[in-house]
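1. Let me see the structure of the following:
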Amino acid sequence: MTRIHIVPPEVVEANWARYRAKQPRPRVTAPKLLNVQQVLDLGNLVFFTFRGRAYGVPPLPYKAGLRFADVSADLKRLQGELIQGQLTRDAIAEYRQILAALPGLMWRHARPVGRARRLLRVVGLLRNPFEEASEKEFGELLDFFLSRRMTSSVQFPTSRGPSLSPPRRTA
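-> Okay, the predicted model is just below:
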């Protein structure tokens with residue numbers, strides 16, 4: 001026959017304390033954090049002032065960064081032709097076309113500062129401030145946007161590098 005005894009809570013706590021004291025404590029180490037700064041930078045805006053107004057620019061996506069790099073390379077090539085005196089009508093038309101596309105590209109990736117200005121932009125009432133920029137301002141802005149290209153956040157473990165061989169199949 002089973003006998004049931006009422007045990008006071010103090011005795012139960014003392015029994016548990018003796019049991020826990022006998023058990024080995026597991027050694028838990030915190031995992032090493034990687035790519036913390038890169039992840040935090042994904043949402044960081046870098047601010048610049050253009051004609052007295054502040055704008056923020058997040059890290060540019062890969063394709064936008066390539067577009068800015070293409071525009072920069074084309075402008076440098078055309079400026080080299082200008083210095084050498086080999087500028088033709090077709091080159092001037094291409095130069096004008098590149099400069100005409102640049103304000104839209106910059107405006108697409110710049111964010112105005114302030115709730116009211118952001119709302120006006122979303123509604124379509126805030127005009128593109130880069131349309132009236134001079135060539136010198138375009139050069140400075142282009143350099144800034146090129147510096148905002150997203151960098152790779154891939155990091156490999158230090159114990160061994162990435163494997164260049166194809167994965168093995170086991171049958």
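2. And residue 164, what's its pLDDT?
-> What the model reports as pLDDT for residue 164 is 55.
3. how about residue 48, secondary structure?
-> Following DSSP: H, G, I helix; E, B strand; the rest coil, we place residue 48 in the strand state.
4. Kindly state the beta-bridge partners for it.
-> residue 55 (DSSP bridges).
5. got a list of what it touches?
-> Going by Cβ atoms under 8 Å, 6 or more residues apart in numbering, residue 48 touches 54-55, 57, 141, 144. Where you see a C-beta, it was placed from the backbone N, CA and C, and this is true even at glycine.
6. That one and residue 86, how far apart?
-> Computed as Cβ to Cβ, to the nearest Å, the residue 48 to residue 86 distance reads 34 Å.
7. Same question for residue 16.
-> 89 Å.
8. Going by distance to residue 2, which of the contacts of residue 48 wins?
-> Residue 2 lies nearest to residue 57 out of these, by Cβ to Cβ, at 75.4 Å.
9. Backbone dihedrals for the closest one, both of them.
-> Per-residue torsions, residue 57: phi -130, psi 120 (degrees, to the nearest 10).
10. Skip the chain neighbours and tell me the closest residue to it.
-> Counting by Cβ to Cβ, 6 or more residues apart in numbering, residue 57 lies nearest to residue 148, which is 5.0 Å off, once chain neighbours are set aside.
11. For that neighbour, give me its contacts.
-> Residue 148 neighbours (Cβ under 8 Å, 6+ apart): 46, 57-60, 65, 109.
12. let's see 7 Å
-> Under the criterion of Cβ atoms under 7 Å, 6 or more residues apart in numbering, the neighbours of residue 148 are 46, 57, 59-60.
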